[in-house]
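J.: A predicted structure for the sequence below; I have some questions about it.
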Amino acid sequence: MNRRWAAVAVGAAARRTAADRGALLMTAVFHLLVVSALGSLWRAAAGGETLGGYDADALFWYIVASEAATVPVAMRLIERIGDDIADGSIEVELVRPVGVLALRLAAELGATLPRLAVCGVTGAALGLLVTGTAPPAGAVALAAPALVLAVACNIAAQHAFASLAFVVRDARSAWFLYQKLVFVLGGMLVPLELLPPWLAAAARSLPFAAMSYAPARLLSGEGEPWLAAVQVAWLVVLTGLAALGFAVGERRLQRVGA
Amino acid sequence: MIEVEGLRKTFPARRRGGQQVEAVRDLTFRVGPGERFACIGPNGAGKSTAIKMLTGILHPTAGTARVLALVPWQRRRDLALRIGTLFGQRSQLWSELTPRQGYDLLGAVYGLAPRAVRDRVGELAELLGAAGELDAPVRTLSLGQRMRAELAASLLHEPEVLFLDEPTIGLDLLAKQRFRELLVRVNAERGTTVFLTSHDVADIEHVARRVVVVNHGTLIHDADVAVLRRTLLATKRVEVRFERPPGALDLPGVQAAWRSPTELDLVVDTAARPIRAVLDELLDRGEVADISVVDPPLEQVIAAIYRMPVGP
């Protein structure tokens, strides 16, 4: 069977998100507020100096990208997937000729892309306004695909976490834990270079850094293209874990029911 | 087309020390091509579990089944290309998308070319009378409209067998009636085999030609609906409320019980006296404020089946 369905799923979900102008506006406003607050905070903290190797402008661009990578991903996705598993809604998806996970990943990525585009545009405008200078073209060229990879990693990881609901029935606690891990170990609030060295080293070796830190580091002007390669590697691992979780979960569902 | 032999499903205990649930016990039956077949039983009888095994969602504990010569739980995705499913309490369409967008996506999932999907959606919209509701988000549709849209979704890839699990649940009387007519039409015009589960006796009366009755996971009756109609569904209950006490009623062979001077309950054996004759008599004798004709409850039908003599 051809894979046209994946492109159709991404397109349909993207059109659905793009059609909801009110929700897009809310996403843009939320992103601007968070970036304004956090970015200003870090600029003030840096003053005329550097922090962890970042100057004030680089810190602002870091926050623009770290938030643009996380704000577009649907809130409480783990909880929503977990509810679909626990209440049996997912059973209907088993009676389709394509995998449950694959279709869900494609649709969720499609739904996220318009929000990512909006956050990218609003973040860039705010960054230019505040810093007065654009990041180097090379940094933008690396950060743009890294942002897409970041949301893809995030979505895959949330599906992997949510597959726990096949066993524990309630994935709400997983969502709470996951969110905190992305906040701190993903470098969403604090650049990893500002964490204690042992924690920074640990965070760099975890998948959460691929969801926020990688595009933020790249947009702040650090020419480390290998970060995108790490993201690709994590995307493969996280998608594999989600596939494993869903495969085991579906087999369990088929044996014991919803 | 569908062959079921000694099918059994036992769900393990949910908690330590809890009890196993034997949802389906030794189901055996066959359904031929083009049949309109119903599996009825009260809530918890095992109907949904049976349909989930036949569509590959659940693995049985024991027994065998073949649908279109495929073992459903071993060839779930291959089977999915050849069957349609409609679960009354679950939506296969995406609530934020319009039905048309959902059909485009489902068409791609089923490997249909975009042009084929467009043509097919046009045909189905005409067949189901659903053209006016294709471009509104699914979440804004009424339940009746949504079920029509769901039926179109399940027919999009021209399935050979259509499995429907409680498809009329929650629909109002008019929507139920329309939905039943649609199923009969789809079967007549496309030759699609219809496998329906319901706990609504009227679904069976109006859609199925053959029915199996399941209770506590066990098949207790397998008959033509025509036979069932003559025997167990011949009784109708009529509830009528008059504006003022009516004149004397002439209703031989009908059990009548007055609830008040203006409210009357009747039990009509339609084999002895057609329901129309009873309604005509009621309308002639007084000013009717409200009237309803209802089928015997399924529990009553099942109790009657249990009382039937065993054997050919």
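T.: All right, it came through fine. Numbering: from 1, shown residues only, chains lettered A, B, ... in the order given.

J.: in contact with residue 18, which residues?
T.: Going with chain A. A:24, A:114 (CB atoms under 8 Å, 6 or more residues apart in numbering or on different chains). Where C-beta positions appear, they are placed from N, C-alpha and C, glycine not excepted.

J.: any idea how far chain B is from the residue nearest in space to the middle of chain A?
T.: Geometric centre of chain A, nearest residue: residue A:151, 3.2 Å, by CA atoms, centre = their mean. Residue A:151 is 19 Å from chain B, where distance means CB to the nearest CB, to the nearest Å.

J.: surely that residue and residue A:116 touch.
T.: Yes. Residue A:151 lies in contact with residue A:116 (CB atoms under 8 Å); the separation is 5.8 Å.

J.: joint contacts of these two?
T.: A:69, A:72.

J.: residues from chain A in reach of chain B?
T.: With CB under 8 Å from any CB of the partner chain as the criterion, chain A meets chain B at residues A:1-2, A:4-5, A:7-9, A:12, A:15-16, A:88-89, A:91-92, A:94-98, A:103, A:107, A:253-257.

J.: mind redoing it with 7 Å?
T.: For chain A, the residues in contact with chain B (CB under 7 Å from any CB of the partner chain) are A:1-2, A:4-5, A:8-9, A:12, A:16, A:89, A:91-92, A:94-98, A:254-257.

J.: list the contacts of the residue of the stretch 101-250 of chain B at minimum distance from chain A.
T.: Relative to chain A, the nearest point of the stretch 101-250 of chain B is residue B:108 (3.8 Å; CB to the nearest CB). The contact partners of residue B:108, by CB atoms under 7 Å, 6 or more residues apart in numbering or on different chains, come to A:4-5, A:8.

J.: and for residue B:81?
T.: A:97, B:110, B:157.

J.: ok, the residues you listed vs residue B:35, which is closest?
T.: residue B:157 (20.3 Å; CB to CB).

J.: out of the contacts of residue B:108, who's the most crowded?
T.: Highest neighbour count within those: residue A:5, with 24 neighbours (other CB atoms under 10 Å in any protein chain shown).

J.: element containing residue B:249?
T.: Of the helices and strands defined by DSSP states H and E, none includes residue B:249.

J.: not counting sequence-adjacent ones, nearest residue to it?
T.: Leaving out its chain neighbours, the residue that sits closest to residue B:249 by CB to CB, 6 or more residues apart in numbering or on different chains is residue B:285, at 5.5 Å.

J.: before we move on, what about residue A:93?
T.: Nearest to residue A:93 is residue A:100, by CB to CB, 6+ apart, at 4.5 Å.

J.: looks like the one you found contacts residue A:90 (just checking).
T.: Yes. Contact criterion CB atoms under 7 Å: residue A:100 and residue A:90 qualify, at 6.3 Å.

J.: hey, where'd the helices end up in the chain?
T.: This is for chain A. A:4-19, A:21-46, A:56-70, A:77-86, A:91-94, A:100-131, A:137-162, A:165-168, A:172-184, A:197-204, A:208-211, A:213-219, A:226-256 (DSSP state H).

J.: oops, I was thinking of chain B
T.: Under DSSP H, chain B gives helices at B:47-54, B:76-80, B:99-109, B:114-128, B:143-155, B:173-190, B:201-207, B:225-231, B:275-285, B:298-307.

J.: may I have the first one exported as PDB, CA atoms only?
T.: Backbone C-alpha positions of helix B:47-54 (Å, rounded to 0.1, in the frame of the first residue of the first chain) are rendered in PDB as follows:
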ATOM      1  CA  LYS B  47     -22.900  -9.000  21.200                       C
ATOM      2  CA  SER B  48     -20.200  -6.300  21.100                       C
ATOM      3  CA  THR B  49     -17.500  -8.700  22.100                       C
ATOM      4  CA  ALA B  50     -18.600 -11.000  19.300                       C
ATOM      5  CA  ILE B  51     -18.500  -8.200  16.700                       C
ATOM      6  CA  LYS B  52     -15.100  -7.100  18.000                       C
ATOM      7  CA  MET B  53     -13.700 -10.600  17.500                       C
ATOM      8  CA  LEU B  54     -15.200 -10.800  14.000                       C
END
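
J.: okay but residue A:152 is in contact with residue A:235, surely?
T.: Yes. Using CB under 7 Å, residue A:152 is in contact with residue A:235, at 5.5 Å.

J.: on that earlier part again, could you export the helices of chain A as JSON lines, including distance to residue B:267 and mean pLDDT?
T.: Below are those laid out as JSON lines (distance: least, CB to CB, whole Å; pLDDT from 0 to 100):
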{"stretch": "helix A:4-19", "distance to residue B:267": "53", "mean pLDDT": "91"}
{"stretch": "helix A:21-46", "distance to residue B:267": "56", "mean pLDDT": "92"}
{"stretch": "helix A:56-70", "distance to residue B:267": "66", "mean pLDDT": "93"}
{"stretch": "helix A:77-86", "distance to residue B:267": "45", "mean pLDDT": "85"}
{"stretch": "helix A:91-94", "distance to residue B:267": "40", "mean pLDDT": "89"}
{"stretch": "helix A:100-131", "distance to residue B:267": "50", "mean pLDDT": "94"}
{"stretch": "helix A:137-162", "distance to residue B:267": "54", "mean pLDDT": "94"}
{"stretch": "helix A:165-168", "distance to residue B:267": "50", "mean pLDDT": "82"}
{"stretch": "helix A:172-184", "distance to residue B:267": "52", "mean pLDDT": "83"}
{"stretch": "helix A:197-204", "distance to residue B:267": "75", "mean pLDDT": "92"}
{"stretch": "helix A:208-211", "distance to residue B:267": "68", "mean pLDDT": "94"}
{"stretch": "helix A:213-219", "distance to residue B:267": "74", "mean pLDDT": "94"}
{"stretch": "helix A:226-256", "distance to residue B:267": "44", "mean pLDDT": "93"}
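
J.: picking up where we left off before, which residues does the residue nearest to residue A:93 contact?
T.: A:90, A:93-94, A:246, A:250.

J.: and of the residues you listed, the nearest to residue B:137?
T.: Of the contacts of residue A:100, the one sitting nearest to residue B:137 (CB to CB) turns out to be residue A:93, at 19.6 Å.

J.: from chain A, how far off is residue B:95?
T.: Applying CB to the nearest CB, the value for residue B:95 to chain A is 10 Å.

J.: for that residue, which non-adjacent residue is closest in space?
T.: residue B:139 (4.2 Å).

J.: not counting sequence-adjacent ones, nearest residue to residue A:182?
T.: Nearest one to residue A:182, counting by CB to CB, 6+ apart, is residue A:208 at 5.2 Å.

J.: wait, the one you found sits on residue A:186?
T.: Yes. Between residue A:208 and residue A:186 there is a contact at 3.6 Å, judged by CB under 7 Å.

J.: around chain A, pick out the residues from chain B.
T.: B:11-12, B:52, B:55-59, B:73, B:76-77, B:80-81, B:85, B:87, B:90, B:92, B:96-97, B:101, B:104-105, B:108-111.

J.: type out the PyMOL command that picks the buried ones from the residues you listed.
T.: Selection command for PyMOL covering only the buried members of the residues of chain B next to chain A, criterion 16 or more other CB atoms under 10 Å in any protein chain shown:
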select buried, chain B and resi 11+52+55+56+57+58+59+73+76+80+81+85+87+90+92+96+97+101+104+105+108+109+110
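
J.: now do the same contact list for the residue lying closest to residue A:95 once chain neighbours are set aside.
T.: Nearest residue to residue A:95, sequence neighbours excluded (CB to CB, 6+ apart): residue B:85, at 4.7 Å. The neighbours of residue B:85, taking CB under 7 Å, 6+ apart as the test, are A:95, B:55, B:154, B:163.
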